[in-house]
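>>> What follows is a predicted structure for the sequence shown.
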Amino acid sequence: MKYKIIAEKIIALKDADLKLRDQLIQSGELWKGYHKEMEQLHNKNAGLLEEVISKIGYPTIDKVGKEANEAAWLVIQHSIGQPDFMKKCLKLLEKAVNENKANPKNLAYLSDRIAVLEDQPQTYGTQFDWDKNGELSPKPFDDLSKVNQRRKSIGLNSLDEQTETIRKRAKSENETPPADFENRKKEMNEWRKAVGWIK
């Protein structure tokens, strides 16, 4: 590992994110739209990670170790208020994965998240949201058998198994469907326009 101190800083960003998430789960506030405090932390973490990337390039496993590499991905995955940063990181992560210096699963999650935020079909079916029936379901994707083939090729379970896992986790975290599905969709679209994901 070349950058021990930087690795520790990246892990601290992830820890702060997960700590706040846990606090908001405990208080029951996490599921009421994009919590302001969470949004501020995500944006702050993205800015700090961007500074790291400008110094050392993408935090690959060989540079910062596996834990900090995973932590960097989590910060990027949560930086949804920063479209340009996320897209830049997607290209860097793609290169790192091609060089066997990052986890292909992380690339699948990040590419799917960007696709969903831009109203495109996802490739691996990693992104879920509440549907009209009050069920957590995968966001739109192209073709189920192709999705399952792609998932298998990088070591992910089937989409059916993933759906079951996601729904169980939501239950254990007391996550409930939005009271007003259409209103939530409208708010989400307004937010995506405001930050620049859609026009």
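Looks like it arrived, so ask away. Residues are numbered from 1 along each chain as shown.
>>> where do the strands sit along this structure?
Secondary structure of the chain (DSSP state E): strands at 128-130, 136-138.
>>> In a markdown table, list the ones you listed along with mean neighbour count and distance to residue 183.
From N, CA and C alone the C-beta is placed, and that goes for glycine too. Listed next are the strands of the chain as a markdown table, based on neighbours: other CB atoms under 10 Å; distance: least, CB to CB, whole Å:
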| stretch | mean neighbour count | distance to residue 183 |
| --- | --- | --- |
| strand 128-130 | 17 | 12 |
| strand 136-138 | 18 | 18 |
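>>> Among those, which comes closest to residue 35?
strand 128-130 (16.4 Å; CB to CB).
>>> Give me the sheet partners of that closest one and which way each runs.
Strand 128-130 has its sheet partners listed here by DSSP bridges as strand 136-138 (antiparallel).
>>> Skip the chain neighbours and tell me the closest residue to residue 191.
residue 34 (6.6 Å; CB to CB, 6 or more residues apart in numbering).
>>> sorry, back to before: dump the strands of the chain to CSV, plus mean pLDDT and distance to residue 151.
As requested, the strands of the chain are arranged in CSV below (pLDDT from 0 to 100; distance: least, CB to CB, whole Å):
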stretch, mean pLDDT, distance to residue 151
strand 128-130, 94, 14
strand 136-138, 96, 11
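>>> Low-confidence ranges, the protein, go.
1 (pLDDT under 70).
>>> Kindly recompute the last result at 90.
Across the chain, the ranges flagged by pLDDT under 90 are 1-2, 26-33, 132, 173-176, 179-181, 184, 199.
>>> can you give me the helices in it?
Secondary structure of the chain (DSSP state H): helices located at 4-26, 36-56, 61-77, 83-98, 104-117, 144-153, 159-172, 181-195.
>>> Please convert those to CSV, extending it with mean neighbour count.
Below are the helices of the chain laid out as CSV (neighbours: other CB atoms under 10 Å):
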stretch, mean neighbour count
helix 4-26, 16
helix 36-56, 16
helix 61-77, 21
helix 83-98, 17
helix 104-117, 20
helix 144-153, 15
helix 159-172, 14
helix 181-195, 13
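>>> how about those helices in CSV, adding distance to residue 123?
What follows is the helices of the chain, written out as CSV (distance: least, CB to CB, whole Å):
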stretch, distance to residue 123
helix 4-26, 25
helix 36-56, 23
helix 61-77, 15
helix 83-98, 12
helix 104-117, 6
helix 144-153, 6
helix 159-172, 12
helix 181-195, 19
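>>> Show me how the chain divides into domains.
1-102, 122-199 (automatic domain parsing).
>>> Looking at the ones you listed, which is nearest to residue 109?
Closest among these, using CB to CB: domain 122-199, at 4.8 Å.
>>> Can you name the residues that contact the residue lying closest to residue 39 once chain neighbours are set aside?
Using CB to CB, 6+ apart and skipping residues adjacent in sequence, the residue nearest residue 39 is residue 81, 6.0 Å away. Applying CB atoms under 8 Å, 6 or more residues apart in numbering, we find residue 81 in contact with 39, 42-43, 46, 195.
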